[in-house]
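Peer 1: Let's see this in three dimensions:
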Amino acid sequence: MVAATDATVLIIGETGTGKEVLASALKQYSRRSDQPLVTINCAALPESLAESELFGHRKGSFTGASDHKIGRLQAAHNGTVFLDEIDSLPVPIQAKFLRFLETGEIQPVGETKSHIVDVRLIAATNANLQERIESGDFRRDLYYRLNVVPLEIPPLRDRSDDIPALLQLFIQRFSQSHSIVPPRLSKAALQRLLHYGWPGNVRELRNVCERLCILMAGQEVQDFNLPVEIISGVQANTTDFSLPEGGIQLEGVEADLIRQALQRAGGNRSKAARLLGITRDTLLYRIQKYGLDEVS
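Peer 2: Residues are numbered from 1 along each chain as shown. Prediction:
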């Protein structure tokens, strides 16, 4: 629904969750799919050159401007602009960029005449823009202008049910690209991967898959073949329980642990499932089994 419109989109998510992939998909399924997608990393724009890079400049407008230059916004005319790390856009440029969003006009450095540019804008950030606003590093009016359709990508640790499909996709893709026999994941290795916290999100998972395809081509991957950070990360989350002399009521303990996990996760069932080391579907089944719907 979002892709089919020209609405401005603000993608929010941690580093490595796939914000640029989502932006590409929005462009692919839009009416501008046959037009260019211009990606601008705001964090890589030097403040002294940011205005020229975005809006262009005339020859001689400043020292070093030896030729006319079309800005990247104008170069994307009729297409889509993806502004990554929008929170890093220099504050002095934010007012001019806000005007562009409101009017579609750009004014190259050194020119008195404005040009109308027709682009669809997608912005992305891994920062808390509300905090940036409070600290004076981001304009509140620009935030409201960008935040027309917010799309939040959850971190991989909160959607562990996606991991098996992503593993299959990446292993198949890298095996084909490197022309090698794909490795096979043992049950123990798969469990390690499912219970790992993935601080680097999908990007980290993709890199692990490529490494396994190269180093374990055609072999079965055991849990001890996985990168040390995954093994140690899982081990750090495990705890030894001692059975009391008099035994326990297992269902009562299980229901209590689920209740605690849901409360600690603020009702987020994917996060609660990760805390318990089970899949979200298993958690949902047990929530129904123990009548814990009111907790979440």
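Peer 1: in this protein, which helix or strand is least confident?
Peer 2: With mean pLDDT, DSSP states H and E as the measure, the helix or strand of the chain carrying the lowest mean pLDDT is strand 56-57 (a mean of 74).
Peer 1: end-to-end on stretch 182-190?
Peer 2: In stretch 182-190, first residue to last residue: 15 Å (Cα to Cα, to the nearest Å).
Peer 1: What are the structural domain limits within the chain?
Peer 2: For the chain, the structural domains run 9-153, 159-235, 250-289, going by automatic domain parsing.
Peer 1: which regions of the stretch 151-296 of the chain lie under the pLDDT threshold?
Peer 2: Scanning the stretch 151-296 of the chain for pLDDT under 70 picks out 234-242, 294-296.
Peer 1: And stretch 68-88, how far out from the chain middle?
Peer 2: 20 Å (Cα atoms, centre = their mean, to the nearest Å).
Peer 1: now the end-to-end length of that stretch.
Peer 2: Stretch 68-88 has an end-to-end distance of 26 Å (Cα to Cα).
Peer 1: got the buried residues for it?
Peer 2: For stretch 68-88, the neighbour count (16 or more other Cβ atoms under 10 Å) marks 69, 71-74, 76-77, 79-88 as buried. In short, each C-beta sits where N, CA and C put it, glycine included.
Peer 1: what do you get for stretch 217-232?
Peer 2: Buried residues in stretch 217-232 (16+ other Cβ under 10 Å): 221, 223, 225-226, 230.
Peer 1: How about stretch 115-132?
Peer 2: Residues of stretch 115-132 classed as buried by neighbour count (16+ other Cβ under 10 Å): 115, 117, 119-126, 129, 132.
Peer 1: Stretch 45-55 now?
Peer 2: 45, 50-55.
Peer 1: between those, which is closest to Arg32?
Peer 2: Leu54 (19.2 Å; Cβ to Cβ).
Peer 1: for the helix or strand where the closest one lies, packing partners?
Peer 2: Counting by DSSP states H and E, the element that carries Leu54 is helix 50-55. Applying 3 or more Cβ pairs under 8 Å, 6 or more residues apart in numbering; DSSP states H and E, we find helix 50-55 packed against helix 72-75, helix 91-103.
Peer 1: Show me the one of the ones you listed that comes nearest Arg140.
Peer 2: Comparing the helices and strands packed on helix 50-55 by Cβ to Cβ, helix 91-103 comes nearest, at 10.3 Å.
Peer 1: just checking, what packs against that closest one?
Peer 2: Where contact means 3+ Cβ pairs under 8 Å, 6+ apart, helix 91-103 is packed against helix 50-55, helix 140-146.
Peer 1: looking at these, which has the lowest confidence?
Peer 2: Note on the helices and strands packed on helix 91-103: lowest mean pLDDT is at helix 50-55, with a mean of 84.
Peer 1: picking up where we left off before, from the helices and strands packed on helix 50-55, which stretch is densest packed?
Peer 2: Across these, the average number of neighbours (mean count of other Cβ atoms under 10 Å) peaks for helix 72-75, which reaches a mean of 19.
Peer 1: Packing partners of it?
Peer 2: Counting contacts by 3+ Cβ pairs under 8 Å, 6+ apart, helix 72-75 packs against strand 37-41, helix 50-55.
Peer 1: which one of the ones you listed lies closest to Leu167?
Peer 2: Counting by Cβ to Cβ, Leu167 lies closest to strand 37-41 out of those; the figure is 27.3 Å.
Peer 1: Tell me the strands beside the closest one, with direction?
Peer 2: Strand 37-41 pairs in its sheet with strand 80-84 (parallel), by DSSP bridges.
Peer 1: okay if I get the buried residues of stretch 45-55 as CSV plus distance to Arg280?
Peer 2: Converted to CSV, the buried residues of stretch 45-55 look like this (distance: Cβ to Cβ, whole Å):
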residue, distance to Arg280
Leu45, 40
Ala50, 43
Glu51, 47
Ser52, 48
Glu53, 43
Leu54, 42
Phe55, 46
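Peer 1: And the helices in this protein?
Peer 2: Secondary structure of the chain by DSSP state H: the helices cover 19-28, 50-55, 72-75, 91-103, 129-134, 140-146, 163-177, 187-195, 201-215, 228-235, 250-264, 269-276, 280-289.
Peer 1: Quick one: these as a markdown table, columns for distance to Gly110 too.
Peer 2: Shown next, in a markdown table, are the helices of the chain (distance: least, Cβ to Cβ, whole Å):
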| stretch | distance to Gly110 |
| --- | --- |
| helix 19-28 | 31 |
| helix 50-55 | 9 |
| helix 72-75 | 14 |
| helix 91-103 | 14 |
| helix 129-134 | 30 |
| helix 140-146 | 24 |
| helix 163-177 | 46 |
| helix 187-195 | 55 |
| helix 201-215 | 40 |
| helix 228-235 | 51 |
| helix 250-264 | 57 |
| helix 269-276 | 52 |
| helix 280-289 | 56 |
